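Enquirer: Dropping the sequence and predicted coords here.
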Amino acid sequence: MPVRPPLNGFQPHALELARTAAGMSRTTLARALGVDPSTIHNWETSRSHPEPEHLARITEELGISLDRLVVVPRNRRVLADLRILAGLTQRQVANRAGVSTTTIGKIERGEASLSDRHAAALADALCLDERTIRAAYLRNRPLPQSP
């Protein structure tokens, strides 16, 4: 099973603080999310991180905004950050944008160009303006290699 890269900007301690401030045990939050309590423990201790759909559910259960759990400065956000801050998976964005999940992945990694059509579709899917989409895309483009 491939190891997922760390979730950019995820704040494990913020999750623990929000959960305890809400008066919720790990077990209670785990039941609400349909995961094992050890999963919550692993998220709070940086052993693993939640998937975007879990992040969205966590914020609903705890009554907080997602940007309390995922902190990425606006001027450093790449497309994957924007998607995660919207609480969406690549598949969900692909469905909303009317493109394949493969295409979304390639655009997020800077491996495919961002056409006007894709920029507009991503902006609609993420409820953002196209300028924000284009800026995030440019931050993730690989730098040209020196000969």
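Expert: Looks like it came in fine. Computed from a prediction, not measured in an experiment: that's the story for all the values here.

Enquirer: Can you give the distance of the helix or strand containing Glu60 from its chain's centre?
Expert: Element membership for Glu60, per DSSP states H and E: helix 52-62. Helix 52-62 sits 11 Å away from the centroid of its parent chain (C-alpha atoms, centre = their mean, to the nearest Å).

Enquirer: List the buried residues in that helix.
Expert: Pro52, His54, Leu55, Ala56, Arg57, Ile58, Thr59, Glu61, Leu62 (16 or more other C-beta atoms under 10 Å). All C-beta atoms are positioned from the backbone trio N, CA, C, and that covers glycine.

Enquirer: between the residues you listed, which is nearest Arg139?
Expert: For these, the minimum distance to Arg139 (C-beta to C-beta) is 19.0 Å, reached by Pro52.

Enquirer: out of everything not next to it in sequence, what's closest to the residue sitting nearest the centre point of the chain?
Expert: Per C-alpha atoms, centre = their mean, the C-alpha nearest to the average position across the chain is that of Ile84, at 1.7 Å. If the residues on either side of it in the chain are set aside, Ile84 comes closest to Pro52, at 5.0 Å by C-beta to C-beta, 6 or more residues apart in numbering.

Enquirer: Can you dump the C-alpha atoms of the helix holding Glu60 in PDB for me?
Expert: Written as PDB, here are the backbone C-alpha positions of helix 52-62 (Å, rounded to 0.1, in the frame of the first residue of the first chain):
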ATOM      1  CA  PRO A  52     -10.400  15.600   2.800                       C
ATOM      2  CA  GLU A  53     -13.900  14.100   3.300                       C
ATOM      3  CA  HIS A  54     -13.000  13.300   6.900                       C
ATOM      4  CA  LEU A  55     -11.800  16.800   7.400                       C
ATOM      5  CA  ALA A  56     -15.100  18.200   6.100                       C
ATOM      6  CA  ARG A  57     -17.000  15.900   8.500                       C
ATOM      7  CA  ILE A  58     -14.800  16.800  11.500                       C
ATOM      8  CA  THR A  59     -15.500  20.500  11.000                       C
ATOM      9  CA  GLU A  60     -19.200  19.800  10.800                       C
ATOM     10  CA  GLU A  61     -19.100  17.700  14.000                       C
ATOM     11  CA  LEU A  62     -16.900  20.200  15.900                       C
END
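
Enquirer: Give me the contacts around it.
Expert: 15, 18-19, 21-22, 24, 29, 32-33, 35, 50, 65-66, 68-70, 83-84, 86-89, 92 (C-beta atoms under 8 Å, 6 or more residues apart in numbering).
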